[in-house]
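Visitor: generate a structure from the sequence data that follows.
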Amino acid sequence: MTGASAEAITEQLANELTQNSQEADFKIALENLASAAVTNKSFDAIALADCMKLMKMDLNELFRQYVGKNTLNFFRQDHGYKEGTYIKVWHGEEDNEVLANLVNHLDASAADFQQQLYKALEEKYPT
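Guide: Numbering: from 1, shown residues only. I've put the predicted structure just below:
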């Protein structure tokens, strides 16, 4: 859809993400997704939908996890990751475990979800 409007692309993507090819093997579904990216330099939303279905993940969970990991990466950078001063284990838990707990207890539909998550990470971070 090169040259298509953002609205047309969004509509096509939303439609494709609600479909799936009925693939039952996660490895094949993942291979299909990777193959589209590597071989065709394209995004295969149906292959992503297959992967998500096989992981029992819906779009809301995908959003929650994506924003969560992205926020943690920003947090790490802001707290010395490049300099080597970042603390990865927080009170006996790895930062990814802390993140998983936080994203499951915050309202991902809130307009300020990312800001709430960042603030919650700051409150948990050992100083």
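Visitor: what segments of the protein are helices?
Guide: With DSSP state H, the ranges of helices along the chain come out as 6-17, 26-39, 45-54, 59-78, 95-105, 113-124.
Visitor: hmm, who's touching the longest one?
Guide: Going back to what we said before, that points to helix 59-78. 17, 52, 57, 86, 95-96, 99-100, 102-104, 108-109, 113-114, 117-118, 121-122, 125 (C-beta atoms under 8 Å, 6 or more residues apart in numbering). Placement of C-beta: from N, CA and C, glycine included.
Visitor: and it, average pLDDT?
Guide: The average pLDDT within helix 59-78 is 95.
Visitor: before we move on, what about the third one?
Guide: Confidence over helix 45-54, taken as the mean pLDDT, stands at 92.
Visitor: convert it to PDB, retaining C-alpha atoms only.
Guide: Extracted in PDB, the C-alpha atoms of helix 45-54 (Å, rounded to 0.1, in the frame of the first residue of the first chain):
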ATOM      1  CA  ALA A  45      -0.100  -8.500   9.800                       C
ATOM      2  CA  ILE A  46      -1.900 -11.900   9.300                       C
ATOM      3  CA  ALA A  47       1.300 -13.700  10.400                       C
ATOM      4  CA  LEU A  48       1.500 -11.400  13.400                       C
ATOM      5  CA  ALA A  49      -2.200 -12.200  14.200                       C
ATOM      6  CA  ASP A  50      -1.300 -15.900  14.000                       C
ATOM      7  CA  CYS A  51       1.600 -15.500  16.400                       C
ATOM      8  CA  MET A  52      -0.500 -13.500  18.800                       C
ATOM      9  CA  LYS A  53      -3.400 -16.100  18.700                       C
ATOM     10  CA  LEU A  54      -1.000 -18.900  19.400                       C
END
